[in-house]
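Enquirer: Next comes the sequence, and after it the predicted model I'd like to discuss.
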Amino acid sequence: MTDAPRFRAVALDYDGTLTMGARPDDDVLAALADVRAAGHAVVLVTGRILTELRHVFPDVDDHVDAIVAENGTVVSGRTGHRRLVPPVPSVLEDALTRRGVPVRGGEVLLACDAAHGEIVFEEVHRLGLDCQILYNRAAMMVLPAGASKSVGLRQVLDDLGISPHDTIAVGDAENDHALLEACEVGVAVANAVPSLKTRADIVLDEANGAGVAALLRGPILSGHQTVRPERWRVPIGRHLDGTVAHLPGTPANVLVVGGSNAGKSYVGGLFAEGLLELGYRVVVIDVEGDHTGLGSLPGVLLMGGPNRLPTPEEISAPVRRAVANVVVDLSMLGSAEQDDFIASLLAVLEEVRRETGLPHWVMVDEAHRPFGVGDASRALLAASGHCLITWDPVTLRPEVMSNIDMVVALPPRPDADSAGSGPGGDTAALLAAWDPGVGGSAPDVDPVAAFAELRPGQALLVGSDGRVEPITLSARRTSHVRHWHKYARAELPADKRFSFRDRRGPTGQVAANTYEFHHIVSQCDQRVVDHHLRHHDFSQWALEALQDAALAADLAAIERDHDGDVATARMRVVRAVEHRYHD
């Protein structure tokens with residue numbers, strides 16, 4: 001199937017990983033040079049005191065792009081040399097020296113032989129210090145609380161403009177756990193301690209420098225071999241046996257498909273929430289305003305909608321700098337304007353990805369439009385990291401479908417007139433015809449039969465590896481309102497608009513969207529409001545025209561409670577619409 005994006009950095013421990021204590025041998029240094037020449041950054045992440053490292057490896061700065069020393073507390077690189085935390089209080093070094101413990105002091109940490117561990121613990125406790133003690137095989141380090149290799153590495157990666165999700169880490173010892181866990185792929189050399197091998201995503205066949213050199217020259221770093229660690233999976237529901245169901249967080253290509261109002265944007269938002277929680281960078285191209293609820297999450301910018309729509313270049317700026325995720329709301333544009341804007345935005349994102357590796361994921365609603373005709377976005381889709389959402393999958397180009405790793409198929413609503421279809425689309429037909437292409441496998445069971453058994457609230461996961469898994473979807477963290485801004489400002493078809501009337505007949509006032517509905521309800525004669533409340537017209541319109549069951553339920557409750565106090569009921573209707581569409 002599709003290849004994972006090229007990794008942009010490799011983070012390497014020193015002692016026991018890159019070398020056994022002396023300067024790395026020539027073959028290892030040659031591998032580092034080749035990796036850097038190919039555009040990858042090399043970061044050395046060590047527990048060593050920097051002056052001691054440079055004593056045994058004087059030309060270290062010629063072979064790496066940055067150094068994280070003293071177990072994440074001191075960094076040295078293109079932004080200069082700096083200490084990230086205050087040093088361990090000197091009173092501890094004095095106390096240990098008085099008790100005969102040979103101590104080496106760095107800019108931040110204290111180091112000694114692990115054989116003195118009991119004395120170190122006693123003195124830290126006696127002095128009441130907020131310190132942590134880490135082991136590195138036969139060595140012991142005393143560090144400020146919270147310090148770790150992962151903290152220092154993240155600082156250096158920020159300086160380099162690289163995400164931990166675009167980084168491979170390699171280590172061997174107890175103090176490398178945090179390093180491996182922080183990066184997309186964590187690798188243990190063959191001589192690593194057992195606990196690190198257990199936690200690593202990959203264990204190399206060779207020890208220390210030889211193993212590292214083989215990794216650097218192999219297919220994983222270049223992206224020709226895909227590794228998808230289970231720890232980066234996104235939970236989206238549960239299998240029928242109660243176990244957790246996942247989608248891949250490591251960039252892949254996912255297709256979400258179903259008929260009108262089947263819950264496609266709900267699933268897309270659920271997936272996006274999980275990706276954001278795992279720290280992936282995401283751009284959502286939101287045609288109907290369905291995903292604005294994601295803006296309540298930290299680190300997410302909403303662009304467009306009722307506000308000025310930035311240019312594609314302006315949208316890409318926070319993505320390029322890795323400072324934010326972006327939801328691009330195009331619901332205020334006409335269809336032709338949307339298509340032109342999406343084509344331009346995808347072209348810009350393709351360029352940004354080529355330069356920075358970001359965003360990790362691009363989510364595209366109404367994906368049959370940009371990916372169904374012409375050559376637009378062909379190069380972008382050649383990489384992984386796309387969630388395509390559509391009601392019309394049969395119009396997607398063949399090369400798009402051959403690059404799909406996972407299909408999420410949603411059943412039709414109980415009142416739908418065909419099996420999961422929208423105009424021109426058919427989910428069951430897609431499942432019957434989908435050929436996952438080179439490297440794919442035939443499904444374990446008939447996906448069409450499994451799809452036919454789905455109930456509302458369920459979905460079918462069909463993988464290119466042959467998996468066919470019915471699941472029950474999880475609840476969302478953020479609010480989800482279908483076609484949020486579309487129904488707020490854009491005009492509904494004539495047969496979906498709300499026509500106001502009283503007991504004598506139509507008043508001539510017609511609301512083409514929720515903005516106009518809100519305005520008219522606020523201003524019209526109270527006899528008009530009373531008429532619609534008594535006939536339950538407000539809730540019926542919300543359910544049938546807006547397809548908003550939550551608003552319909554709120555309005556139905558107001559209609560049931562109506563006891564002739566029109567002023568109070570009118571205020572409640574207005575507030576309900578404001579809460580759903582105009583906050």
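Expert: Alright, I've got the coordinates. Residues are numbered from 1 along each chain as shown.
Enquirer: What is the burial count for the nearest residue to Leu204 once chain neighbours are set aside?
Expert: Nearest-residue entry for Leu204: Gly211, 3.8 Å, with adjacent residues in sequence omitted and distances by Cβ to Cβ, 6 or more residues apart in numbering. C-beta here means a position set from N, CA and C on the backbone, and glycine is covered the same way. A total of 24 residues lie near Gly211 under the criterion other Cβ atoms under 10 Å.
Enquirer: did I read that right, Gly211 in a helix?
Expert: Yes: applying DSSP: H, G, I helix; E, B strand; the rest coil, one finds Gly211 inside a helix.
Enquirer: Contacts only, for it.
Expert: By Cβ atoms under 8 Å, 6 or more residues apart in numbering, the residues touching Gly211 are 189-190, 204-205.
Enquirer: Val10 in helix, strand or coil?
Expert: With three-state DSSP as the criterion, Val10 reads strand.
Enquirer: what's across from it in the sheet?
Expert: Val42, Ile168 (DSSP bridges).
Enquirer: Thought Val45 was touching it, still the case?
Expert: No: the criterion here is Cβ atoms under 8 Å, and Val10 misses it with Val45 at 10.2 Å.
Enquirer: Are there residues contacting both of these two? Which ones?
Expert: Taking Cβ under 8 Å, 6+ apart as the criterion, Val10 and Val45 both touch Ala169.
Enquirer: quick one, which of the two is more surrounded?
Expert: Counted by other Cβ under 10 Å, Val10 and Val45 do not tie: Val45 has more neighbours, with 30 against 26.
Enquirer: contacting residues for that one?
Expert: 11-14, 67-68, 72, 149, 152-153, 169, 171, 179.
Enquirer: Among those residues, which one sits closest to Pro310?
Expert: Leu153 (32.3 Å; Cβ to Cβ).
Enquirer: could you measure that closest one against Val68, distance?
Expert: In this view, Leu153 and Val68 are 5 Å apart by Cβ to Cβ, to the nearest Å.
Enquirer: what's the answer for Val328, then?
Expert: Distance from Val328 to Val68, counting by Cβ to Cβ: 36 Å.
Enquirer: Test for you: state the pLDDT assigned to Asp415.
Expert: Looking at Asp415, its pLDDT is 57.
Enquirer: my bad, Gly420
Expert: So, for Gly420, pLDDT stands at 43.
Enquirer: if we can go back for a sec, reformat the contacts of Gly211 as TSV; add secondary structure and distance to Ile558.
Expert: Listed next are those as TSV, based on DSSP: H, G, I helix; E, B strand; the rest coil; distance: Cβ to Cβ, whole Å:
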residue	secondary structure	distance to Ile558
Val189	coil	66
Ala190	coil	69
Leu204	coil	65
Asp205	coil	68
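Enquirer: Of those, grab the buried ones for PyMOL.
Expert: A single PyMOL command is used to select the members of those judged buried by 16 or more other Cβ atoms under 10 Å:
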select buried, resi 189+204
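Enquirer: Looking at the contacts of Gly211, spot the one nearest Val283.
Expert: Leu204 (34.8 Å).
Enquirer: From Asp537, how far out is that closest one?
Expert: Taken as Cβ to Cβ, the span from Leu204 to Asp537 is 69 Å.
Enquirer: One more: Leu216?
Expert: Distance from Leu216 to Asp537, by Cβ to Cβ: 69 Å.
Enquirer: so what pLDDT did the residue nearest the centre of the chain get?
Expert: With distances taken as Cα atoms, centre = their mean, Leu275 lies nearest the centre of the chain, 2.3 Å away. pLDDT recorded at Leu275 is 97.
Enquirer: List the buried residues for the host helix or strand of it?
Expert: Secondary structure assignment for Leu275, by DSSP states H and E: helix 264-277. Using 16+ other Cβ under 10 Å as the burial criterion, the residues of helix 264-277 that qualify are 264-276.
Enquirer: returning to that earlier point: tell me which of Val328 and Val68 has more neighbours.
Expert: Set Val328 next to Val68 and count neighbours by other Cβ under 10 Å: Val68 wins out with 30 against 23.
Enquirer: Dig out what the more buried one forms beta bridges with.
Expert: Following DSSP bridges, Val68 is listed with bridge partners Val45, Val75.
Enquirer: In contact with it, which residues are there?
Expert: Val68 makes contact with 11, 43-46, 74-75, 149, 152-153, 155-156, according to Cβ under 8 Å, 6+ apart.
Enquirer: ditto for Val156
Expert: Taking Cβ under 8 Å, 6+ apart as the definition, contacts of Val156 comprise 43, 66, 68, 75, 77.
Enquirer: What is the neighbour count of the first one?
Expert: In other words, Val43. 24.
Enquirer: before we move on, what about the fourth one?
Expert: Neighbour count of Val75, defined by other Cβ under 10 Å: 25.
Enquirer: Also Leu555?
Expert: Leu555 is flanked by 26 other residues according to other Cβ under 10 Å.
Enquirer: From Val185, how far out is it?
Expert: Here the criterion is Cβ to Cβ. By it, Leu555 lies 51 Å from Val185.
Enquirer: For stretch 256-270, what is the distance to the chain centroid?
Expert: Its chain's C-alpha centre and that of stretch 256-270 lie 18 Å apart, by Cα atoms, centre = their mean, to the nearest Å.
Enquirer: From one end of stretch 196-203 to the other, what's the distance?
Expert: From its first residue to its last, stretch 196-203 covers 9 Å (Cα to Cα, to the nearest Å).
Enquirer: Can you point out the buried residues in it?
Expert: By neighbour count on 16+ other Cβ under 10 Å, the buried set for stretch 196-203 is 196-197, 200-202.
Enquirer: before we move on, back to that, would you mind putting the contacts of Val45 into JSON lines with pLDDT and distance to Arg476 alongside?
Expert: Shown next, in JSON lines, are those (pLDDT from 0 to 100; distance: Cβ to Cβ, whole Å):
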{"residue": "Ala11", "pLDDT": "99", "distance to Arg476": "34"}
{"residue": "Leu12", "pLDDT": "99", "distance to Arg476": "40"}
{"residue": "Asp13", "pLDDT": "97", "distance to Arg476": "40"}
{"residue": "Tyr14", "pLDDT": "97", "distance to Arg476": "45"}
{"residue": "Ile67", "pLDDT": "98", "distance to Arg476": "43"}
{"residue": "Val68", "pLDDT": "98", "distance to Arg476": "38"}
{"residue": "Gly72", "pLDDT": "95", "distance to Arg476": "36"}
{"residue": "Lys149", "pLDDT": "96", "distance to Arg476": "35"}
{"residue": "Gly152", "pLDDT": "96", "distance to Arg476": "35"}
{"residue": "Leu153", "pLDDT": "98", "distance to Arg476": "32"}
{"residue": "Ala169", "pLDDT": "98", "distance to Arg476": "32"}
{"residue": "Gly171", "pLDDT": "98", "distance to Arg476": "37"}
{"residue": "Leu179", "pLDDT": "97", "distance to Arg476": "33"}
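Enquirer: Can you tell me which of those residues comes closest to Gly259?
Expert: Minimum distance to Gly259 across the contacts of Val45 is 44.0 Å, recorded for Ala169 (Cβ to Cβ).
Enquirer: Would you agree the closest one is in contact with Ala178?
Expert: No: using Cβ under 8 Å, Ala169 makes no contact with Ala178, being 9.5 Å away.
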